[in-house]
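*Asks:* Just the structure for this:
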Amino acid sequence: MRAYRITEWAGPVFLTEVPVPVPGPGQVLLKVAGCGLCHSDLGMMQTPAEFGARLGWSMPFTLGHEIAGWVAEIGPGTAIDVAEGDAVALAAAASCGRCRYCVTGRDNACQAGAAGRGYGRDGGLADYVLVEDPRDIVPLGGLDPVTAGTLTDAGATSYHAVRRVRSRLLPDTTAVVIGTGGLGTFAVQFLDELGAARVVAVDVSAERRERAVKLGADEAIDGVDETTAECLRDLGDGAGVDVVLDFVGTDQTIAAGLAALAPGGALGLVGAAGGGFGASWFSGLPRDGEVFTFQGSDLSDTRAVIALARAGAITNPTETFPLDEVEEAYRQHTAGTLRGRAVAVP
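*Replies:* Reported below is the predicted structural model:
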């Protein structure tokens with residue numbers, strides 16, 4: 001079968017031929033319908049050996065962690081509630097299912113999550129992918145498996161952020177989404193669907209701002225500069241806003257988000273741009289507030305997002321590319337010219 005693989009640490013990545021996996025006991029083979037591309041894939045291509053070894057990654061491996069498709073073969077003795085031919089998605093975040101985090105529903109904090117399909121193990125940018133743990137399989141019902149894979153990471157990660165602040169989304173509150181690209185687009189929809197707060201989108205792109213308003217934002221403002229914090233505070237009746245979800249993560253967006261918060265407000269840092277906060281924590285953080293960050297999502301987030309999509313409560317903008325054009329898809333992703341999440345179709 002074809003597979004888009006990293007062949008050595010910080011080395012070449014290309015489409016090659018590898019054997020089709022054979023599922024053993026407790027395993028499932030999935031025929032890939034579509035695999036979403038993620039910004040983190042680009043970082044994996046440059047991962048040095050020392051860092052990859054600390055994460056428990058094995059080289060070479062196939063990229064791709066936003067995966068959906070059809071059950072092709074069920075290994076002997078595998079207990080699972082789907083049949084061959086069923087359309088399913090795979091949870092993007094890896095977990096062991098046994099540690100104290102997993103058994104309490106916090107599997108995104110599982111220590112086994114550092115290595116998984118598409119990040120250290122063979123992923124879904126291929127014709128087939130092996131599923132070692134059937135817990136990761138989520139039935140799609142009537143959803144199209146070609147594009148549903150993006151729900152498992154971009155969608156589920158955004159949902160996790162909104163779930164963390166859901167109790168704050170009251171009728172007299174304001175929630176801000178900084179960066180309305182692939183993840184932020186989902187966050188706007190979840191905020192609109194799950195809460196009563198006024199939703200404000202912030203983005204440098206007029207097209208993305210317009211799309212955010214169509215998907216549920218009450219208003220949108222242009223980019224982040226020295227006036228953004230004051231503008232957002234004014235939207236919160238001068239006292240500040242109640243929630244900021246930062247899907248960019250630069251020095252500038254972090255500083256603006258924190259400065260815009262009202263006392264008791266919450267900022268969730270999701271974007272991985274590597275920014276920091278150079279001011280005093282004592283005076284710079286929201287009074288009696290909350291600042292949190294995380295990576296990925298848990299199984300309940302994935303199931304919830306797919307349920308919302310099946311109910312028609314959210315949309316999932318995507319652009320599809322043949323698997324043999326995956327490098328062009330990554331190029332457009334890097335250039336920021338995509339109109340939705342990029343999906344490679346075998």
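
*Asks:* Mind giving me the packing neighbours of the lowest-mean-pLDDT helix or strand in the chain?
*Replies:* Across the helices and strands of the chain, mean confidence by mean pLDDT, DSSP states H and E is lowest for helix 281-284: a mean of 86. For helix 281-284, not one helix or strand is in contact under the criterion 3 or more C-beta pairs under 8 Å, 6 or more residues apart in numbering; DSSP states H and E. Placement of C-beta: from N, CA and C, glycine included.

*Asks:* For whatever helix or strand comes next after that helix, enumerate the helices and strands it packs against.
*Replies:* Next along the chain after helix 281-284, taking DSSP states H and E as the criterion, comes strand 290-293. Applying 3+ C-beta pairs under 8 Å, 6+ apart, one finds that strand 290-293 makes contact with strand 261-269.

*Asks:* residues in contact with the strand it packs on?
*Replies:* Residues outside strand 261-269 that contact it (C-beta atoms under 8 Å, 6 or more residues apart in numbering) are 161, 164-165, 168, 233, 236, 239-246, 249, 254, 257-258, 286-294.

*Asks:* same check, this time on stretch 19-27
*Replies:* Defining contact as C-beta under 8 Å, 6+ apart, one finds that stretch 19-27 is touched by 1, 29, 73-79, 122, 127-134.

*Asks:* where does the chain have low pLDDT?
*Replies:* Regions of the chain meeting the criterion pLDDT under 70 are absent.

*Asks:* let's see it at 80
*Replies:* 237 (pLDDT under 80).

*Asks:* Hmm, Cys231 and Val202 touching each other?
*Replies:* No: applying C-beta atoms under 8 Å as the test, Val202 and Cys231 come out as separate, 9.1 Å apart.

*Asks:* Which neighbours do those two have in common?
*Replies:* Shared contacts of Val202 and Cys231, defined by C-beta under 8 Å, 6+ apart, comprise Ile221.

*Asks:* higher neighbour count, those two?
*Replies:* Val202 (30 against 16; other C-beta atoms under 10 Å).

*Asks:* Over to the more buried one: give its phi and psi.
*Replies:* Backbone torsions for Val202, taken as degrees, to the nearest 10, come to phi -130, psi 120.

*Asks:* Take the contacts of stretch 19-27 and keep only those in strands.
*Replies:* 29, 73-74, 128-131 (DSSP state E).

*Asks:* dump the residue contacts of Asp251.
*Replies:* Shown in contact with Asp251 (C-beta under 8 Å, 6+ apart): 275-278.
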